[in-house]
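Visitor: My questions are about this predicted structure, shown below with the sequence.
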Amino acid sequence: MLNYIWISLIALGILAAAAGDVADEAGNTYRNGIPLDVRFEVAKHPSALRSTWEGTIVLSAGEFNMFYGPGAADSAVRQPAVISVDASGRRALVIAVGESSPLRWKEMARHAAEKDRLTASVESMKLSEDETAASLRMVMEPVRFVKLKAVTAAALDCAAAAVSISIGLIGVMALWLGVMKVGEEAGLLKFITRLLEPLTRRLFPDVPRDHPALAAMIMNIAANMLGLSNAATPMGLKAMEELNRLNPRLGTATNAMVTFLAINTGGLVLIPATAIAVRAAAGSANPGIIIGTSIIGSGCATVVGIAASRILQRLPRYRRGMEVDNG
């Protein structure tokens, strides 16, 4: 079911992005193919060794908003730019987009051919008499499928981040899984099982002593307490499999199953190793600062889960579900 939910969310995201791009194309949000008249303040003229003009593109807020729509710019636009002239005499304009650029140009630059650069073809250029400024008519490079490109870029970025975090977790997981395996081979598991027998007898009175389900549950809870949720999963599945062997009515969860699920879901943790490793891999300055809050939060969740399971299992409505049909 979870797979269907994820694929539905992905499909909805793609459809929403596609709908947004269709709306942009219909309204020509980025004014593709439409010439824009701007003022170019010349800083450096071309010399014999080069054929580029350096300067600044100047547009008032009103002119920018008239071209791109209301609210596109809050103040006058002044952007560094370079005009290059090729052998055939064609002029191309490159605008450097930075923090002070209008939001519309920032959005266009994120999806341009060169990152943080907008290019345009110069249709006409008229210099002032003192050659300190020029009137330009330019056509910006077309910008299309912005939202679909953003969805694709986000998916790739998240995939790369997932790989980086996963690699960072290998060492922590290998260490704790090795420690747990050594403890199992050394008989530590049986010792812990006997040590926790008074507690497990009260939590799981329906499970016989020395039953394999108890050992699997203790391993699962111990792994969760160390913050090794991935390492706890196999033991959790094993515990449920063993508990199901004691189930008098297959298909209906027993009291022990419900109580164990409440403990597992509450996720009582003493050392959130996985979360600490993720924070360290993400560059946190103090990855271990979450230990205290993790203990309090998971402890409260576990206590409430156990209390709810013990209360509900006493109600006739839920007890009837476990009655074996002797007829």
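Guide: Sure, I can see it.
Visitor: wait, Ser124 sits on Arg137?
Guide: Yes - in this structure, Ser124 sits in contact with Arg137. The criterion is C-beta atoms under 8 Å, and the distance is 4.5 Å. Bear in mind the C-beta positions are built from the backbone N, C-alpha and C, glycine included.
Visitor: Neighbour count for these two, which is higher?
Guide: More neighbours surround Arg137 than the other of Ser124 and Arg137, with 15 against 12 (other C-beta atoms under 10 Å).
Visitor: List the beta-bridge partners for that one.
Guide: Residues found in beta-bridge contact with Arg137 (criterion: DSSP bridges) are Asp37, Ser124.
Visitor: Can you classify Ile271 as helix, strand or coil?
Guide: Reduced to three states with DSSP: H, G, I helix; E, B strand; the rest coil, the structure at Ile271 is coil.
Visitor: Contacts only, for it.
Guide: For Ile271, the set of contacting residues under the criterion of C-beta atoms under 8 Å, 6 or more residues apart in numbering consists of 225-227, 291.
Visitor: could I get stretch 98-117 in CSV with only the CA atoms?
Guide: Listed next in CSV are the C-alpha coordinates belonging to stretch 98-117 (Å, rounded to 0.1, in the frame of the first residue of the first chain):
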residue,chain,number,x,y,z
GLY,A,98,22.8,37.6,-8.5
GLU,A,99,21.1,38.3,-5.2
SER,A,100,20.0,41.7,-6.2
SER,A,101,18.3,40.4,-9.4
PRO,A,102,14.5,40.4,-9.8
LEU,A,103,12.9,37.1,-8.8
ARG,A,104,11.7,36.5,-12.3
TRP,A,105,15.2,36.6,-13.7
LYS,A,106,16.5,34.5,-10.9
GLU,A,107,13.9,31.8,-11.7
MET,A,108,14.8,32.0,-15.4
ALA,A,109,18.5,31.8,-14.7
ARG,A,110,18.1,28.6,-12.6
HIS,A,111,16.9,26.9,-15.8
ALA,A,112,19.0,28.7,-18.4
ALA,A,113,21.7,27.1,-20.5
GLU,A,114,24.4,28.6,-18.1
LYS,A,115,23.6,28.7,-14.4
ASP,A,116,23.2,32.2,-13.0
ARG,A,117,23.5,33.6,-16.5
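Visitor: Can you list the neighbours in contact with it?
Guide: Residues from elsewhere that reach stretch 98-117 (C-beta under 8 Å, 6+ apart): 30, 64, 68, 72-73, 77-79, 94-97, 118-119, 140-141, 143, 145-146, 149-150.
Visitor: and that stretch, how far out from the chain's middle?
Guide: Remark: stretch 98-117 is offset 23 Å from the chain centroid, using C-alpha atoms, centre = their mean, to the nearest Å.
Visitor: Which of the residues in it are classified as buried?
Guide: Buried positions in stretch 98-117, judged by neighbour count with 16 or more other C-beta atoms under 10 Å: 101-102, 104-105, 107-109, 111-112.
Visitor: Dump those residues to JSON lines, plus secondary structure and distance to Leu315.
Guide: Output for the buried residues of stretch 98-117, formatted as JSON lines (DSSP: H, G, I helix; E, B strand; the rest coil; distance: C-beta to C-beta, whole Å):
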{"residue": "Ser101", "secondary structure": "coil", "distance to Leu315": "64"}
{"residue": "Pro102", "secondary structure": "coil", "distance to Leu315": "63"}
{"residue": "Arg104", "secondary structure": "helix", "distance to Leu315": "61"}
{"residue": "Trp105", "secondary structure": "helix", "distance to Leu315": "64"}
{"residue": "Glu107", "secondary structure": "helix", "distance to Leu315": "57"}
{"residue": "Met108", "secondary structure": "helix", "distance to Leu315": "62"}
{"residue": "Ala109", "secondary structure": "helix", "distance to Leu315": "62"}
{"residue": "His111", "secondary structure": "coil", "distance to Leu315": "58"}
{"residue": "Ala112", "secondary structure": "coil", "distance to Leu315": "64"}
